[in-house]
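[1] Kindly generate the corresponding structure for this input.
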Amino acid sequence: MKRIEYIFSILVLLFIVLIIGCAEYPAIREPDMDRFNQTVHSQTLRDSLLEGKLTPGMPHFVASQLFEDWTTSIMEIKIPVASLGSKQRLEEVEGWGRDYVDPDIKVFLDKYETEEGKLYVWYQRPDFYTMDVSARDTLCIFLEDTVICSVIKYLNKSKTLTVRDSLPQIPRKTNLYAEIHYQEHGWRELSYWYNIQILKNFKSFTLKDLNYEIYPIELLKFNDKPVSSFNWR
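    Below you'll find the model as predicted:
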């Protein structure tokens with residue numbers, strides 16, 4: 001009797017494995033275009049979205065919406081990692097082998113299993129220091145149908161900078177979108193920021209606290225190779 005039960009258990013297990021192995025990946029969804037257009041005013045990023053390309057600079061919610069139907073068996077989300085490009089979870093040990101994740105981690109990794117291979121998406125909290133923003137770079141603000149630019153004079157701190165020109169035409173509101181144009185980084189042209197707020201002197205800007213869904217995507221890898229974009233269409 002026990003032998004029959006054992007054989008039956010093995011057959012059930014093999015059947016489950018077969019079902020999982022033959023299961024199709026869920027369809028990739030289209031991201032919310034209206035939400036994207038309310039958040040992103042960069043024409044380059046809008047063109048990428050229309051072409052079906054996931055690229056660095058996009059807010060993270062684009063990736064999460066694309067893979068919204070993915071199950072946990074083929075998806076890992078919000079893995080805290082030590083730095084961009086690292087796939088090692090950031091864990092520390094305290095006392096008698098107590099493991100915990102650093103609560104101040106700024107870099108996250110999502111891993112998606114697709115039919116073609118593994119897609120890794122890194123994104124992080126916006127921070128002027130870690131993104132190498134410096135004096136003489138240019139801050140460009142998108143205000144309705146206008147782009148207003150000014151050279152950065154100096155960084156006040158990691159989330160605040162001051163530009164050369166006073167910009168009273170920009171209202172003090174919380175939903176401003178900006179691009180940083182680098183002066184000396186030939187390998188980087190643009191860095192994207194969301195929810196920048198102008199301060200009372202009309203020269204200083206500060207980054208607002210953001211939900212992780214709006215953190216900019218910083219790096220993409222597909223099958224362990226860096227890629228400039230991931231095409232879902």
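[2] Now do the helices in the chain.
    2-22, 33-39, 43-50, 61-66 (DSSP state H).
[3] Comparing the ones you listed by mean pLDDT, which bottoms out?
    Ranked by mean pLDDT, those bottom out at helix 2-22, with a mean of 53.
[4] Break this protein into its domains for me.
    Per automatic domain parsing, the structural domains of the chain span 33-125+213-231, 138-209.
[5] Give me the distance between the two termini of the first one.
    Counting by CA to CA, to the nearest Å, the length from the leading to the trailing residue of domain 33-125+213-231 is 16 Å.
[6] I'd like the domains of the chain as CSV, with mean neighbour count and distance to residue 27 appended.
    In this view, the C-beta of every residue, glycine as well, is placed from N, C-alpha and C. Shown next, in CSV, are those (neighbours: other CB atoms under 10 Å; distance: least, CB to CB, whole Å):
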stretch, mean neighbour count, distance to residue 27
domain 33-125+213-231, 15, 7
domain 138-209, 15, 28
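[7] closest to residue 131 out of these?
    With CB to CB as the measure, domain 138-209 is the member of those nearest residue 131 (5.2 Å).
[8] partners of the top strand by length along the chain, with directions?
    Across the chain, the longest stretch assigned as strand under DSSP state E is strand 146-157. Strand pairing for strand 146-157, using DSSP bridges, gives strand 138-143 (antiparallel), strand 160-163 (antiparallel).
[9] Just put those strands in TSV and tack on mean pLDDT.
    As requested, the strands paired with strand 146-157 are arranged in TSV below (pLDDT from 0 to 100):
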stretch	mean pLDDT
strand 138-143	91
strand 160-163	95
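[10] quick one, the longest strand of the chain and helix 43-50 angle?
    Inter-element angle recorded for strand 146-157 and helix 43-50: 110 degrees (by axes from the mean of the first three to the mean of the last three CA atoms, to 10 degrees).
[11] who's in contact with strand 146-157?
    Identification of contacts with strand 146-157 by CB atoms under 8 Å, 6 or more residues apart in numbering yields 128-129, 133-141, 161-165, 167, 169-170, 180-181, 203-204.
[12] Model confidence for the residue most central in space within the chain, exactly?
    The centre of the chain sits closest to residue 217, judged by CA atoms, centre = their mean, with a distance of 2.7 Å. We have a pLDDT of 92 for residue 217.
[13] and it, bridged to which residues?
    residue 123.
[14] ok, now which ones touch it?
    54-60, 62-63, 121-123.
[15] For those, give me a markdown table that also has distance to residue 26.
    What follows is those, written out as a markdown table (distance: CB to CB, whole Å):
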| residue | distance to residue 26 |
| --- | --- |
| 54 | 17 |
| 55 | 22 |
| 56 | 25 |
| 57 | 26 |
| 58 | 21 |
| 59 | 22 |
| 60 | 19 |
| 62 | 17 |
| 63 | 15 |
| 121 | 17 |
| 122 | 23 |
| 123 | 22 |
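[16] shaky segments in this structure?
    In the predicted model of the chain, residues 1-24, 72-73, 91-104, 174, 186-188 satisfy pLDDT under 70.
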